[in-house]
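Asks: Could you look at this predicted model? Sequence included:
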Amino acid sequence: MPSLKVIIPAYNEADSIAKVINDIPKSVEEVIVVSNTSTDATEINARNAGATVLSETRKGYGYACLKGMEYIAKQKHQPDIIVFLDGDYSDYPEELTKIVAPIINEDYDFVIGTRTKGLREQGAMTPQQVFGNWLACALMRLMFGAKFSDLGPFRAIKYDMLLALEMKDKTYGWTIEMQLKVLKQKLSYTEIAVKYRNRIGVSKVSGTFKGTVMAGLKILGWIFKYSFK
């Protein structure tokens, strides 16, 4: 079996982080929780649940993901596959085996878990999230011929392919940057429908007006930036 590591960016997810960690399949070699300026018991609860805990003092989803990658890069043995997963318990961590299966069995480079309507709890995604996902994917389809249907955070990628993407975004644009670079570098990709439930606690992005606006602008910015490259 290929070696798997999971990176979980987390900002004040004390009530959910242990549930996420405990539901991750035991085949995962290491779970890395990156506490992104958390002020609650996120770090303590994650550590007690068996995760490696890192602290990132700069606020931003991308900063947290990059911190996890930096930690892995310094290890003696690098993994074959990296899985990114949120710490709010909206995804079903046990579905990780479905996410990585196309990489293991069919040699895909990148897999994204799509939050399809039929498998999504009512209210799990806000109207602005649904619209933003639709718009971003429609633009990628129009401009790049992409077949993405979601910007879901539950995703898996071969470690060497992840390094080749040279990820840069520090905040809201991390997911769209990854998908755009996958398209630009012509990596093989597919989607797997996953279940999605109402998160524990309030979203720090879609749950606020500022977060929604900033995320939307960042996503559109990345798309139009790459359309002229």
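Replies: Looks like it came in fine. Numbering: from 1, shown residues only.

Asks: okay, CA-based contacts and neighbour counts for the rest of this
Replies: OK.

Asks: hey, C-alpha coordinates of stretch 48-61 in CSV?
Replies: Output of stretch 48-61 as CSV, limited to C-alpha atoms (Å, rounded to 0.1, in the frame of the first residue of the first chain):
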residue,chain,number,x,y,z
ASN,A,48,-5.0,13.9,22.6
ALA,A,49,-6.7,12.3,19.5
GLY,A,50,-3.3,11.2,18.2
ALA,A,51,-2.5,13.8,15.6
THR,A,52,0.8,15.6,15.0
VAL,A,53,0.0,19.2,15.9
LEU,A,54,1.7,22.2,14.2
SER,A,55,1.1,25.9,14.9
GLU,A,56,0.9,28.5,12.1
THR,A,57,0.7,32.1,13.5
ARG,A,58,-0.2,33.7,10.2
LYS,A,59,-3.9,33.5,9.6
GLY,A,60,-5.0,31.9,6.3
TYR,A,61,-6.1,28.5,5.0
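
Asks: Give me the contact list for it.
Replies: The contact list for stretch 48-61, computed with Cα atoms under 8 Å, 6 or more residues apart in numbering, reads 9, 18, 21-22, 30-37, 43, 46-47, 63-64, 67-68, 170-172, 174.

Asks: So which of those residues are in helices?
Replies: Judged by DSSP state H, those include 18, 21-22, 43, 46-47, 63-64, 67-68, 174 as members of helices.

Asks: Please name whichever of those residues scores lowest on pLDDT.
Replies: By pLDDT, W174 ranks lowest within the ones in helices among the contacts of stretch 48-61, coming in at 91.

Asks: my guess is it contacts G62, does it?
Replies: Yes: using Cα atoms under 8 Å as the test, W174 is close enough to G62 to be in contact (5.4 Å).

Asks: Between those two, which has more neighbouring residues?
Replies: W174 (24 against 21; other Cα atoms under 10 Å).

Asks: hang on, T190 in a strand?
Replies: Yes: assessed by DSSP: H, G, I helix; E, B strand; the rest coil, T190 belongs to a strand.

Asks: which residues does it contact?
Replies: 102, 108, 110-112.

Asks: separation between it and F148?
Replies: Using Cα to Cα, to the nearest Å, T190 is found at 8 Å from F148.

Asks: Now the common contact residues for these two.
Replies: Contact criterion Cα under 8 Å, 6+ apart; residues shared by T190 and F148: none found.

Asks: Contact partners for the spatially closest residue to N45 that is not a sequence neighbour?
Replies: Nearest in space to N45, with sequence neighbours left out and distances taken as Cα to Cα, 6 or more residues apart in numbering, is A18 at 6.0 Å. Listed by Cα under 8 Å, 6+ apart, the contact set of A18 reads 45-46, 48-49.

Asks: what about the helices in the chain?
Replies: 17-23, 42-48, 61-73, 96-106, 127-144, 159-165, 174-184, 209-227.

Asks: Could you tell me the least trusted of those?
Replies: Among these, helix 209-227 scores lowest, with a mean of 67.

Asks: per-residue pLDDT, K229?
Replies: Value listed for K229 in the pLDDT field: 59.
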